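**Student:** Got a predicted model here, sequence first, then my questions.
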Amino acid sequence: MTGFVDVALLILLAVTGVAIIRQRNLFAAVMLAGIYSLVSAGLFVVMDAVDVAFTEAAVGAGISTVLMLGTLALVGYKEHKPQHTPILPMFVVLVTGGILVYGTSEMPRYGEADNPVHLHVAPHYLEESEHEIHIPNVVTSVLASYRGYDTMGETAVIFAAMVGVLLLLSRGPLPLRVFHKGQWVTLPPGARHEDPPRAGVPEEGDGDG
Amino acid sequence: MDDRVILRIGAKILIPFILLFALYVQFHGDYGPGGGFQAGVIFAAAFVLYALVFGLGNAVKVLPPQAVYVCGALGVMIYMGVGFVTMALGGAFLDYNVLAPDPTHGQHYGILAVELGVLVTVFGVMVALFYAFAGRRRLDL
């Protein structure tokens, strides 16, 4: 029964992936990407990784879809026809996929009890966290206590992501600078990139600022 | 805006329950699936829904961008602050055992505090990302 559910979910995943590739309407592609995340979440549930499934459903299917729709509102819903033939990208994708599949043949079988991942620190977490931390959910014990240092790093990474996005996307009072006739020129407020910088103020000195 | 009555009323009914569910996920993380990351995203989703239905202008009135940015930084500070508190109490960095006389109680307090930090950061960052994307106008290219 579990095998049937696995196969069904994986087929759905593959069908959704192919549909995303073939879709020229970006709105539909974003919706299909959300469905892809939701099916992935279902797959994680089958693997008993409910915490991961929860995150995948909330972030992948929820917030990401909203952010992508917000981007589509800016860039339009139609995908332009590609100007090059798909042969080279197809070759790269097939080779990479082949290498990955070849790599999985070296990995230990999924779910075996004597896999290396189950023999290192996992037995200690599973047997002792009940006494050491006194919390039933081992995932929370590992995430917040045993590996609390890692989670602190992850939180800092999320914060760094916010700083990066704000630096790129926030409409701060940064002046627009263009390289024009051998020197950097600061355009007046409200100017656009294509405007000829005749009204701009040439800056002294630096050519690489 | 005014003619989308079902959408408006539906959102108004849903938003409190989404916030409540986020808090449930946060505080039930010790016993079932969930925790700061998921709770933060769900909490942010409530505000995203509000912004989508009632407009970005109203959402910014409820939750100003500055407050969101502060949240994003505050969560990391809470998390690291727990580490410094445990150091001040004589333990290692993020060693929760010293937070209470009973080590397992200390672990409970520590996990609760760092999960709160994760919640605050994830919530702030998710809303900040949404504001950054939704706040941009289409360029006249």
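**Tutor:** Nice, thanks for sending it over.

**Student:** can you give me the helices in the chain?
**Tutor:** Let's take chain A. A:2-22, A:26-46, A:50-55, A:64-75, A:87-104, A:116-119, A:122-132, A:138-141, A:148-169 (DSSP state H).

**Student:** you looked at the wrong chain, it should be chain B
**Tutor:** When secondary structure is read from DSSP H, chain B shows helices at B:5-27, B:36-54, B:56-62, B:65-88, B:103-134.

**Student:** which residues touch residue 35?
**Tutor:** Since no chain was named, I'll use chain A. With contact set as Cβ atoms under 8 Å, 6 or more residues apart in numbering or on different chains, A:Ile35 has these partners: A:Thr16, A:Ala61. C-betas here are computed from N, CA, C, even on glycine.

**Student:** try again with chain B
**Tutor:** A:Asp51, A:Val139, A:Thr140, A:Leu143, A:Ala144, B:Val25, B:Gln26, B:Gly29, B:Glu115, B:Val118.

**Student:** Turn those residues into CSV, including pLDDT.
**Tutor:** As requested, the contacts of B:Gly35 are arranged in CSV below (pLDDT from 0 to 100):
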residue, pLDDT
A:Asp51, 90
A:Val139, 86
A:Thr140, 87
A:Leu143, 87
A:Ala144, 87
B:Val25, 92
B:Gln26, 93
B:Gly29, 84
B:Glu115, 94
B:Val118, 95
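
**Student:** any idea which of these is the one closest to A:Val15?
**Tutor:** Distance from A:Val15 was checked for each of those by Cβ to Cβ. The minimum falls on A:Asp51, at 26.8 Å.

**Student:** Surely that closest one touches A:Val139?
**Tutor:** Yes. With contact defined as Cβ atoms under 8 Å, A:Asp51 reaches A:Val139; the gap is 4.7 Å.

**Student:** Need the overlap of contacts for these two.
**Tutor:** With contacts taken as Cβ under 8 Å, 6+ apart, A:Asp51 and A:Val139 have B:Pro33, B:Gly35 as neighbours in common.

**Student:** Can you check the contacts of B:Gly35 and name whichever has the most neighbours?
**Tutor:** Comparing the contacts of B:Gly35 on neighbour count, A:Ala144 comes out first with 31 neighbours (neighbours: other Cβ atoms under 10 Å in any protein chain shown).

**Student:** Next up, the contacts around it.
**Tutor:** By Cβ under 8 Å, 6+ apart, the contact list for A:Ala144 reads A:Thr151, B:Gly35, B:Gly110, B:Ile111, B:Val114, B:Glu115.

**Student:** same question, A:Gly60
**Tutor:** When contacts are counted by Cβ under 8 Å, 6+ apart, A:Gly60 is found next to A:Gly34, A:Tyr36, A:Ser37, A:Leu38, A:Ser40, A:Ala41.

**Student:** Do I have it right that the third one meets A:Thr55?
**Tutor:** Spelled out, it's A:Ser37. No. The pair formed by A:Ser37 and A:Thr55 falls short of the contact definition of Cβ under 8 Å, at 10.2 Å.

**Student:** okay, now residue 81: neighbour count?
**Tutor:** By default, I'm working from chain A. By other Cβ under 10 Å, 6 other residues sit near A:Lys81.

**Student:** could you do chain B instead?
**Tutor:** If you count neighbours by other Cβ under 10 Å, B:Gly81 ends up with 14.

**Student:** Check whether the lowest-mean-pLDDT helix or strand in chain B comes near chain A.
**Tutor:** Ranked by mean pLDDT, DSSP states H and E, the weakest helix or strand in chain B is helix B:56-62, scoring a mean of 88. No. Using Cβ under 8 Å from any Cβ of the partner chain as the criterion, no contacts between helix B:56-62 and chain A are found, and the smallest distance is 10.1 Å.

**Student:** which parts of that helix are buried?
**Tutor:** Neighbour counts over helix B:56-62 (16 or more other Cβ atoms under 10 Å in any protein chain shown) mark B:Ala59, B:Val60 as buried.
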